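# Quick one, structure for this:
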Amino acid sequence: MGLASCQLGVFTLAQARARGMTLNQVKRRLRAGRWSRVLPSVYAVEGAPESWRRRLKAAALWFGPRCVFSHRTAAALWGLSRFESEEGPAVISATCHRPVAGGVRVVRVRALLPREVTFRSGFRVTSIERTLLDLAAEESDVTLETSVDDALRMKLTTVERLETFIERRGGSRGVPALRRVVTERAGRGGVPESELEARVLALLDESGLPRPSLQQKVRAHGRRYRLDFRFEGVPVVIEADGYAWHSTVEAFEADRRRINALTARGYRVLRWTWAALDERPDELLDELREVLLQSTRRRAA
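Next up is the predicted model:
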């Protein structure tokens, strides 16, 4: 069917009937294996490539034109990093009851305001703010924090828009968790650029040490460099060292040049990795406290 090719290989019984197909013809194609049933009254053409997007399209056809993908599915469509390989059931938010269907989870909600629904990658989805609120009600703190940071870093929303949205939602489930994360981001003067940086910042906040500034720019040897974390008043810098950034010879050399230039400018650069954060966070904090103390004494001398 030409229609199926425009819909990732899937179509509804109603669409087939509207094009002149009888129920007997539909049944014959199913028995012959030319079509397969993927959801109630939703079929796929044999040979059409299976994919996550095709499953979403089938779910949207099954649910109908008011289908709004939400929660983990919306997060994946928005490109939030923790959901890039989403393979679970398609999650749909609805204000009405719907029967259960395999591979689809329907979440009953009181209301979906027009401003909380938009389009992403050709599908109707909850807005990024509503998506983050839904995640706040169901996901872990780490997943929520990473998702908020992703949304801010990709400029899908702003701290101000999130704060306004939270105030409108009042006592909704998930608001306390989302408010906590947004309040923390509002006071940091920047957004972590990776989950590793978020982990560094979380450890620093828990330690009681002064909060550093994020992504400040400095000049060294005629070049501009951006520092992951820089402490005010002292030349102390923490770099969140992910392997991916140094996995080529060029990246390795550029990183060494950068560190040498910063050292020549008088900066003390500490390198914090995933493994170090997992295995010896107290040791990292002790080293940082010693470097901060030394730098403060030098400034006072």
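
# okay but Phe165 is in contact with Thr131, surely?
No: when contacts are counted by CB atoms under 8 Å, Phe165 is not listed as touching Thr131 (10.8 Å). (Glycine included, C-beta is placed from N, CA and C.)

# So if I had to pick from those two, which one is more boxed in?
Per other CB atoms under 10 Å, whichever of Phe165 and Thr131 has more neighbours is Thr131, with 31 against 21.

# Tell me who's in contact with the more buried one.
Applying CB atoms under 8 Å, 6 or more residues apart in numbering to Thr131 gives the contacts Ser70, His71, Ala74, Ala75, Trp78, Val125.

# Just to be sure, it is in a strand?
No: read with DSSP: H, G, I helix; E, B strand; the rest coil, Thr131 is helix and lies in no strand.

# can you offset everything so residue one is 695?
All right, first residue 695 from here; so that's Thr825.

# As a markdown table, the contacts of Thr825 with neighbour count, distance to Ser735 and secondary structure would be great.
Formatted as a markdown table, these follow (neighbours: other CB atoms under 10 Å; distance: CB to CB, whole Å; DSSP: H, G, I helix; E, B strand; the rest coil):
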| residue | neighbour count | distance to Ser735 | secondary structure |
| --- | --- | --- | --- |
| Ser764 | 29 | 23 | coil |
| His765 | 25 | 24 | helix |
| Ala768 | 29 | 24 | helix |
| Ala769 | 29 | 28 | helix |
| Trp772 | 23 | 29 | helix |
| Val819 | 26 | 23 | strand |
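
# Any stretches of the stretch 695-844 of the chain with poor pLDDT?
By pLDDT under 70, the low-scoring segments of the stretch 695-844 of the chain are 695-696, 698.

# how many other residues sit next to the residue nearest to Leu717 when sequence neighbours are not counted?
Closest residue to Leu717 apart from its sequence neighbours, by CB to CB, 6 or more residues apart in numbering: Arg711 at 7.8 Å. Residues near Arg711, counting by other CB under 10 Å, number 13.

# you'd agree Arg711 is in a helix?
Yes: when three-state DSSP is applied, Arg711 is found to be in a helix.

# Could you measure from the residue most central in space within the chain over to Pro906?
Most central in the chain under CA atoms, centre = their mean is Leu774, positioned 2.1 Å from the mean C-alpha point. Distance of Leu774 to Pro906, computed by CB to CB, to the nearest Å: 25 Å.
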